[in-house]
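Engineer: 3D model of this:
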Amino acid sequence: MIRSARIRALIACSALALCFTGFSARLVHLQVTMHDKYADLAMAKHGDKEIIFARRGIITDINQQTMADNEPVRTVVADASVMTDPEVAAGVLAGPLGMEESDLLAKLTSGRRYIVLKKELPEATATELQNRLEVRSIRGITFEQDSSRIYPNGTMACHIIGFMNGEQQGVEGIEAQEDQYLRGHAGYRYTEKGRDGEELVAYRGEERAPRDGCNVRLTIDMNLQNIVENELDDACKQYKPKKAIVILMRPQTGEILAMANRPNFDPNDIRTEPPAFLQAHEADMKNCAITDEMEPGSTFKMVTAAAALNEHLVQPDSMVFCENGQFTYAGRILHDHHAYGDLSVEDILVKSSNIGAAKLAMGLGDERFYGYIRAFGFGERTGIALPGEIPGLVYPPHRWSKLSITRIPMGQEVAVTPLQTIAALCAIANGGHLMMPQIVHDITDSDGQVIASFPPVEIRQVISPEAAHEVTSALMGVVSPRGTAPLAKVPGFVTAGKTGTAEKIDPKGGYLPGKYIVSFCGYLPADNPAFVGLVMLDDADTTPELDYGGSVAGPIFARIGEKAARYMNLEPQPDVPPSNIVITQSEHD
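Structural biologist: Prediction:
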């Protein structure tokens, strides 16, 4: 009996031990072997990977004036799995979020755990909504911290800055070009929530801090940009051109001081517009200074004269017979605006003689002339740090017609960008050095450490300092009572420059009658320029007798130049009287 009881006790104890062993093995299996699987399931049900957004870098001008910044906003997110009173929540949220109550209710009853209801909600609105939801004890709505891109200067410098789209991607301008530096890298944290939808801070998991974007400082001076934009607005009101462009550049370094186009746009509004709107207004967002090509007209004569002088084929006072206004070559007649006989090389620029420029190029020959055109940067991108730049169009000599050697010198049969034109004139203004246009000065990280800087880059020496000085002397004559641009003179300063009046090309072939692109490109003080400026208007609304670069673009340059010189504290030059010229235009280009 005792033995039988012992056996039963042993069996019971063994069974109990075996049972506990099984439970223990199962517990080990669940907590050790299957830990990762069930942890993932628990995280999927109760946890979230919360994205911590990085601050996008700011864009400033050379004086650290903000051009693009970030504004704190909130993203409204719903967790429908823990939502209480979705009907009430929809009623509270619909108005402030600008949504239909029925659409909101459908989202709040979908059962999904992460629903973005509204992006870029102002902080004040978010705070008010949080208070209203708390008063009604509504769970399941959170307000994630985010930021919205803002452009405090509105339309000013819009083509330089670019804009952000709805996906927070940089589009056009510096926003696109330097996006890899500006955007930063988002961080994250793993969180776990209780049944009420609130985070259990004690169970917060792995976390990585965000890395804010870098700041980009431009070479642009917003004070000069403001001068340019205001004068450009006034010019557009007066002449109503299809397009208008102004660029200011420092010739010694290639730094872009100001750049503006018309038409323009407000980058604050673009990201909220639908794709159809953006497509319809694509032309407004183009930076025509680098994306549009056109025949340069008579501004190109400075290249022709510079090449002939640099090759010592002529001297500034060498005389060229200009055929009394009509030059027959290859069966076609080339005309001048006036019947000139003998003109000096200097006066070929001063009077803007087509025939004189053609004869200078003929002396150079096709290959040598083509070499100088390319040396001045035409036919290739300048390398400016902006997206969308085109190289223009310069055909090699084997594709020239017999007439080309007489037409290219006066700015026909070539297509250039406004930026190429001003870069070429900078090479004359600075003593013959072609500089790469620079628009980014430096890039700094969020701690203020410079991680990239962009010193001046000389592409090549195009002409000798002596030849550059000789061309400058001629260009000073252009801005005089006997030249084509007396109205471009800046009071108190010796000014140099060149006018251009180019017929608009008809896409079907030939030229559009009565349609012109007028321009003036100049610099001051002529002997040591502080800046070079380009003014260009496409199809200005004016009378035919005044539709010339010297009459339209020249005065705009003079007004910009006078204000820019005052802002830059340039001392008026001695023995240079203030300009009070009132002249009836008698010379054209």
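Engineer: what about stretch 342-359, start to end distance?
Structural biologist: End-to-end span of stretch 342-359 (CA to CA, to the nearest Å): 12 Å.
Engineer: Any buried residues in that stretch, and which?
Structural biologist: For stretch 342-359, a neighbour-count test (16 or more other CB atoms under 10 Å) marks 343-359 as buried. No exception for glycine: its C-beta is placed from N, CA and C like everyone else's.
Engineer: Take those and keep only those in strands.
Structural biologist: L343, S344 (DSSP state E).
Engineer: Mind checking which of the buried residues of stretch 342-359 land in helices?
Structural biologist: Those of the buried residues of stretch 342-359 mapping onto helices are V345, E346, D347, I348, L349, V350, N354, I355, G356, A357, A358, K359, per DSSP state H.
Engineer: State the pLDDT value of the fourth one.
Structural biologist: Taken from the predicted model, the pLDDT recorded for I348 is 97.
Engineer: where do the helices sit along the stretch 151-300 of the chain?
Structural biologist: Assigned helices in the stretch 151-300 of the chain, in chain order: 158-161, 173-177, 179-182, 222-239, 267-270, 275-280, 288-291 (criterion: DSSP state H, counting those that start in this stretch).
Engineer: out of those helices, nearest to R566?
Structural biologist: Closest of those to R566 is helix 222-239, at 9.3 Å (criterion: CB to CB).
Engineer: In terms of secondary structure, what does that closest one contact?
Structural biologist: strand 243-249, strand 256-262, strand 531-538, helix 549-567 (3 or more CB pairs under 8 Å, 6 or more residues apart in numbering; DSSP states H and E).
Engineer: outside of the first one, which residues touch it?
Structural biologist: This means strand 243-249. The contact list for strand 243-249 (CB atoms under 8 Å, 6 or more residues apart in numbering) reads 224, 228, 231-232, 235-236, 255-263, 288-289, 292, 418-419, 422-423, 426, 437, 531-539, 556, 560, 564.
Engineer: List the strands paired with that strand, with their directions.
Structural biologist: Pairing partners of strand 243-249, with direction, according to DSSP bridges: strand 256-262 (antiparallel), strand 531-538 (antiparallel).
Engineer: Now do stretch 176-185: distance from first to last residue.
Structural biologist: Distance across stretch 176-185, first residue to last, is 16 Å (CA to CA).
Engineer: same question, stretch 285-294
Structural biologist: Using CA to CA, the end-to-end distance of stretch 285-294 comes to 18 Å.
Engineer: For that stretch, what does the pLDDT average out to?
Structural biologist: What stretch 285-294 shows for mean pLDDT is 95.
Engineer: With stretch 538-545 instead?
Structural biologist: Per-residue pLDDT over stretch 538-545 has a mean of 89.
Engineer: Buried residues of that stretch, list them for me.
Structural biologist: Buried residues in stretch 538-545, counting neighbours by 16+ other CB under 10 Å, are found at D538, D539, A540, T542.
Engineer: what would those look like in JSON lines with distance to E458?
Structural biologist: Converted to JSON lines, the buried residues of stretch 538-545 look like this (distance: CB to CB, whole Å):
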{"residue": "D538", "distance to E458": "32"}
{"residue": "D539", "distance to E458": "36"}
{"residue": "A540", "distance to E458": "36"}
{"residue": "T542", "distance to E458": "39"}
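Engineer: so which of the strands paired with strand 243-249 is the most packed in?
Structural biologist: strand 531-538 (a mean of 28; mean count of other CB atoms under 10 Å).
Engineer: List of residues touching that strand?
Structural biologist: 235, 239, 241-251, 257, 294, 418, 421-422, 425-426, 429, 504, 517-524, 552-554, 556-557, 560-561, 564, 568.
Engineer: Stretch 127-142 spans what distance, first to last residue?
Structural biologist: 11 Å.
Engineer: from the chain's centre, how far out does the helix or strand where S24 lies sit?
Structural biologist: Taking DSSP states H and E as the criterion, S24 maps to helix 2-28. Remark: helix 2-28 is offset 81 Å from the chain centroid, using CA atoms, centre = their mean, to the nearest Å.
Engineer: Quick check: G154 vs T328, distance?
Structural biologist: 55 Å (CB to CB, to the nearest Å).
Engineer: Backbone torsions only: list them for the closest residue to G91 other than its chain neighbours.
Structural biologist: Excluding its sequence neighbours, the residue lying closest to G91 (CB to CB, 6 or more residues apart in numbering) is E101, at 6.2 Å. Main-chain torsions, E101, degrees, to the nearest 10: phi -60, psi -40.
Engineer: before we move on, what about G166?
Structural biologist: The phi/psi pair for G166 (degrees, to the nearest 10) reads phi -70, psi -20.
Engineer: ok, G154 - contacts?
Structural biologist: D266, N268.
Engineer: If we use 6 Å, what do you get?
Structural biologist: Residues near G154 by CB atoms under 6 Å, 6 or more residues apart in numbering: D266.
Engineer: Below-threshold pLDDT in the stretch 1-150 of the chain: ranges please.
Structural biologist: Within the stretch 1-150 of the chain, the stretches with pLDDT under 70 are 1-3, 29-52.
Engineer: In contact with D221: list those residues for me.
Structural biologist: Here D221 is in contact with D61, I62, L257 (criterion: CB under 6 Å, 6+ apart).
Engineer: And the first one, its phi and psi?
Structural biologist: Backbone geometry at D61, expressed as degrees, to the nearest 10, gives phi -90, psi -170.
Engineer: So it sits against M222, correct?
Structural biologist: Yes - in this structure, D61 is within contact of M222 by CB atoms under 6 Å, at 4.4 Å.
Engineer: ok, these two, which is more surrounded?
Structural biologist: Taking neighbours as other CB atoms under 10 Å, D61 and M222 compare with D61 leading, 23 against 20.
Engineer: What about the residue lying closest to G431 once chain neighbours are set aside, how many residues nearby?
Structural biologist: Spatial nearest neighbour of G431, chain neighbours left out: P465 (4.2 Å); criterion: CB to CB, 6+ apart. Residues near P465, counting by other CB under 10 Å, number 12.
Engineer: Quick check: phi and psi at P465.
Structural biologist: Backbone torsions for P465, taken as degrees, to the nearest 10, come to phi -60, psi -30.
Engineer: Give the buried residues for the helix or strand hosting A94.
Structural biologist: In the assignment (DSSP H and E), A94 maps to helix 86-97. Buried residues in helix 86-97, counting neighbours by 16+ other CB under 10 Å, are found at P86, A89, A90, V92, L93, A94, P96, L97.
Engineer: and that helix, what does it pack onto?
Structural biologist: In terms of contacts (3 or more CB pairs under 6 Å, 6 or more residues apart in numbering; DSSP states H and E), helix 86-97 is packed against helix 101-108, helix 123-135.
Engineer: and those, which is most packed in?
Structural biologist: helix 101-108 (a mean of 16).
Engineer: helices or strands up against that one?
Structural biologist: helix 86-97.
Engineer: Now with 8 Å, please.
Structural biologist: If contacts are counted by 3+ CB pairs under 8 Å, 6+ apart, helix 101-108 sits against helix 86-97, strand 115-122.
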